[in-house]
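Sequence plus predicted model, see below.
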Protein chains: 2
Amino acid sequence: MRATIKDVAKLAGVSPSTVTRVIQNSSAISQKTKDLVRKAMTELNYHPNLNARSLVSSYTQVIGLILPDDSDVFYQNPFFPTVLRGISQVAADHNYAIQISTGKNEAQRLEAISQMVYGQRVDGLIFLYSKPDDPLVQLAIQHNFPFLILGKADSPFISLVDNDNIQAGFEATNYFINKGYKNIAFVAGNKELVVSQDRYLGYKNALKSHNIPLDENKVRFVSGFLLEDSSYKISRKFLKQDLEAIVTTDTSVAEGVVKYLNEANIKLQIISFDSVKPKLDIDAYVDVHAIKLGRVAFNTLHQIISDKKQGKQVCYRRVIPHKIIEL
Amino acid sequence: MRATIKDVAKLAGVSPSTVTRVIQNSSAISQKTKDLVRKAMTELNYHPNLNARSLVSSYTQVIGLILPDDSDVFYQNPFFPTVLRGISQVAADHNYAIQISTGKNEAQRLEAISQMVYGQRVDGLIFLYSKPDDPLVQLAIQHNFPFLILGKADSPFISLVDNDNIQAGFEATNYFINKGYKNIAFVAGNKELVVSQDRYLGYKNALKSHNIPLDENKVRFVSGFLLEDSSYKISRKFLKQDLEAIVTTDTSVAEGVVKYLNEANIKLQIISFDSVKPKLDIDAYVDVHAIKLGRVAFNTLHQIISDKKQGKQVCYRRVIPHKIIEL
DNA sequence: CTGAAAGCGCTTACAG
DNA sequence: CTGAAAGCGCTTACAG
């Protein structure tokens, strides 16, 4: 059978509480005792039962990652794996494990998150998406459970980590303006998403700052599970105009556009947003630095968790820099 | 404070053990008592502490997903998110949560998996990659810990879920042969990976079955973090030959090939392997059905876990069908 | 610097 | 059909 703390204590000739203190590397314990206990631990290949530890200490060293519905476009782009890499890099340094939660609909996801929170399986949550009035976020708020959103938040009292999407949209548009183009279209993903709105605002700001009139005929929002199909369809009707360049907010959107342009044998400049180099023949993309988003997200949540232990409650808002990469 | 089982018992006027039995929906309990207890539970918003439950019952209702090193190509393609969807769809039905483990190198990943296994945080493991003599797999074997590999295994006694990659390589090659092509190149990812080897074997079998001589000058394996760059470089030297079609084992590989062909203004037929529709202008791909791989993986692990509870030990080997999709 | 005792919130035999 | 008791493997005051 697996060795327990009692077995270690017996072998080392000390009490179980002393073994605990050695594990915690308490300064109250003499070096001699520490050596003795550690020897016993390796000899017995002792590893603490984390469930027992969590039960009494009421922290778990686990954080929960909340993903959107199963069917979301989220699962189709490299944002998630890249953010996950960032999160786990830092989590590993702090000896945290990661639990992941999704579901086929909101009810199922609410059930899963309830298990995590009420069941005391995690110390905090990172929401990897953002939507208005999310009941899962409500649950975290109600229970004063440590959490953070990777993206926008409704309330000004919610901690978050995000890019400055208005600024990024501004720069993406300026990238073309500075090259001398004036006829610049804008094709975004779902209009409901704050991220689409923000990048659109940046687009408008850029035009305005160069006295280029906004032409709403050059602006489109697409949605659906296969964004590339929607944007392909829309392209047919609307790219016949006299355009020079297109700002898209997502590589999937850009994909549909490119497909149409290739077929129609039209050559336009295109920029997109992504977290890795897009596998698509476009001119540039805005790298949202997903690894860093992940890293900072973990560190911030970690801070929130320890703030709570000390009875503090601080709201953090961190901006992660983006970068335009020419291809 | 959060309600415990004692609070529920007191309010319902029963003993804690009765509350437990109601939660387990034991047939020994009268309907009247069940109603009473359930009413008390909702009234107090009771949710069991899962750490306490795991401590005594020694099962967790959590499974662990083991990912490769942080830097792996794994994180760049849609396989992982898609498999994850499959796994969590079924896991949710069985009320299982998912813990995820990766790390920047093998040592760190070994540390993380040890925590899971020794710390009794999970009931079983799914390895989302496969490599020879993996020490993490060794650890699971040594401790007789329930696990399964999504991919090939060294030993014939390891449970696994996988595609038939030899057959898939065979069919991918036949796809072109049946169209009348004879000069078919093969460009695969890392030669060390069993999956590359198997698809290569299928390629050779297909040629042989049509009496087309194998020309090793038409075969290449590429590696590196950016597969598309490696395959792009290799393409320059080797695609000058008199080719008609190319079988690639991975969309990233295909990407480099396509890039070169576009530049050189050469038009060839290309097929690739993927878990979603590739964002690339090629002719077909072999869909490995990653969602189903995930679903079956969970169900099989679930079976292994319950086998173990009953003292059984069975080795499962499940093949997931692939499908050629024309684009 | 170390130990004995109590307890975290459950579940599992045992007994009736 | 239900309860009292013991115990899972830890940690945390308390005491010395």
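Right, received. Where do you want to start?

Tell me which other helices or strands the longest helix along chain A touches.
Among the elements of type helix in chain A, defined by DSSP state H, the one spanning the most residues is helix A:290-309. Based on contacts counted as 3 or more Cβ pairs under 8 Å, 6 or more residues apart in numbering or on different chains; DSSP states H and E, the elements that helix A:290-309 packs against are helix A:79-93, strand A:124-127, strand A:147-150, strand A:160-163, strand A:317-320. Bear in mind the C-beta positions are built from the backbone N, C-alpha and C, glycine included.

quick one: residue A:250 from residue A:273, how far?
Applying Cβ to Cβ, to the nearest Å, one obtains 6 Å for the distance of residue A:250 from residue A:273.

Any chance of the helices and strands packed on helix A:290-309 in TSV with mean neighbour count and distance to residue B:101 as columns?
Rendered in TSV, the data for the helices and strands packed on helix A:290-309 read as follows (neighbours: other Cβ atoms under 10 Å in any protein chain shown; distance: least, Cβ to Cβ, whole Å):
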stretch	mean neighbour count	distance to residue B:101
helix A:79-93	23	8
strand A:124-127	25	16
strand A:147-150	26	20
strand A:160-163	23	23
strand A:317-320	15	25
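
Relative to DNA strand C, which of these is closest?
Of all these, strand A:124-127 sits nearest to DNA strand C, with 19.1 Å by Cβ to the nearest atom of the strand.

Given that closest one, what are its sheet partners and their directions?
When pairs are called by DSSP bridges, strand A:124-127 turns out to pair with strand A:62-66 (parallel), strand A:147-150 (parallel).

will you turn the helices and strands packed on helix A:290-309 into a markdown table that also has mean pLDDT and distance to residue B:212?
Converted to a markdown table, the helices and strands packed on helix A:290-309 look like this (pLDDT from 0 to 100; distance: least, Cβ to Cβ, whole Å):
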| stretch | mean pLDDT | distance to residue B:212 |
| --- | --- | --- |
| helix A:79-93 | 94 | 39 |
| strand A:124-127 | 96 | 53 |
| strand A:147-150 | 96 | 52 |
| strand A:160-163 | 95 | 52 |
| strand A:317-320 | 96 | 53 |
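
Of all those, which one is nearest residue B:259?
In this view, those are compared for proximity to residue B:259 by Cβ to Cβ, and helix A:79-93 is the closest at 22.0 Å.

Is there any residue in that closest one that contacts chain B?
Yes - judged by Cβ under 8 Å from any Cβ of the partner chain, helix A:79-93 and chain B are in contact via A:80, A:81, A:82, A:84, A:85, A:88, A:89, A:92.

my read: the first one touches residue A:67, true?
Yes - under the contact definition of Cβ atoms under 8 Å, residue A:80 touches residue A:67, with a separation of 7.3 Å.

Give me the common contacts of the two.
Residues touching both residue A:80 and residue A:67 (Cβ atoms under 8 Å, 6 or more residues apart in numbering or on different chains): A:74, A:128.

What are the contacting residues of the lowest-mean-pLDDT helix or strand in chain A?
Of all helical and strand segments in chain A, the minimum by mean pLDDT, DSSP states H and E falls on helix A:227-238, at a mean of 81. Contacts made with helix A:227-238 from outside it, assessed by Cβ under 8 Å, 6+ apart, are listed as A:73, A:185, A:187, A:189, A:217-218, A:220, A:222-224, A:248, A:250, A:252-257, A:259-261, B:279.

From those residues, which land in helices?
Among the contacts of helix A:227-238, the residues falling in helices (DSSP H) are A:252, A:253, A:254, A:255, A:256, A:257, A:259, A:260, A:261.

and the fourth one, how many neighbours?
Using other Cβ atoms under 10 Å in any protein chain shown, the number of residues around residue A:255 comes to 24.

residues in contact with it?
With the criterion set at Cβ under 8 Å, 6+ apart, residue A:255 makes contact with A:227, A:228, A:231, A:232, A:280, B:279.

what's the answer for the last one, then?
Contacts of residue A:261 were listed using Cβ under 8 Å, 6+ apart, and they are A:235, A:239, A:267, A:268.

Would you tell me which one of the contacts of residue A:255 comes nearest to DNA strand C?
Nearest to DNA strand C among these, with distances taken as Cβ to the nearest atom of the strand, is residue A:227, at 44.3 Å.

Name the nearest residue to that closest one, sequence neighbours excluded.
Setting aside the residues directly before and after it, residue A:227 is nearest to residue A:252 in space (Cβ to Cβ, 6 or more residues apart in numbering or on different chains), at 4.0 Å.

low-confidence ranges in the stretch 101-250 of chain A?
Counting by pLDDT under 70, the stretch 101-250 of chain A contains low-confidence residues at A:241.

thinking again about what came up before, from memory the residue nearest to residue A:227 sits against residue A:78, does it?
No - when contacts are counted by Cβ under 8 Å, residue A:252 is not listed as touching residue A:78 (11.1 Å).

Looking at these two, which is more packed in?
Taking other Cβ under 10 Å, residue A:252 and residue A:78 do not tie; residue A:252 has more neighbours (24 against 21).

Reformat the strands paired with strand A:124-127 as TSV; add distance to DNA strand C.
TSV is the format used below for these (distance: least, Cβ to the nearest atom of the strand, whole Å):
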stretch	distance to DNA strand C
strand A:62-66	17
strand A:147-150	22
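
could these be laid out in TSV, adding distance to residue B:290?
As requested, the strands paired with strand A:124-127 are arranged in TSV below (distance: least, Cβ to Cβ, whole Å):
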stretch	distance to residue B:290
strand A:62-66	20
strand A:147-150	24
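
show me where the stretch 101-250 of chain A has strands.
Secondary structure of the stretch 101-250 of chain A (DSSP state E, counting those that start in this stretch): strands located at A:124-127, A:147-150, A:160-163, A:184-188, A:219-221, A:245-248.

For chain A, which residues are neighbours of DNA strand D?
With Cβ under 7 Å from any atom of the strand as the criterion, chain A comes near DNA strand D at residues A:2, A:4-6, A:16-17, A:19-21, A:23-24, A:46-49, A:52-53, A:55-57.

Now the buried members of these.
Neighbour-count burial (16 or more other Cβ atoms under 10 Å in any protein chain shown) is assigned, among those, to A:4, A:5, A:19, A:20, A:21, A:23, A:46, A:48, A:49, A:52, A:53, A:55.

restrict these to contacts with chain B.
Restricting these to those adjacent to chain B (criterion: Cβ under 8 Å from any Cβ) gives A:48, A:49, A:52, A:55.

wouldn't the third one be in contact with residue B:55 here?
Read it as residue A:52. Yes - Residue A:52 is in contact with residue B:55 according to Cβ under 8 Å; the separation is 5.2 Å.

Write out the residues of the stretch 51-200 of chain A neighbouring DNA strand C.
A:52, A:55, A:56.

by contact count, what packs against the helix or strand that contains the second one?
Element membership of residue A:55 [criterion: DSSP states H and E] is helix A:50-57. Helix A:50-57 sits against helix B:50-57, with contacts defined as 3+ Cβ pairs under 8 Å, 6+ apart.
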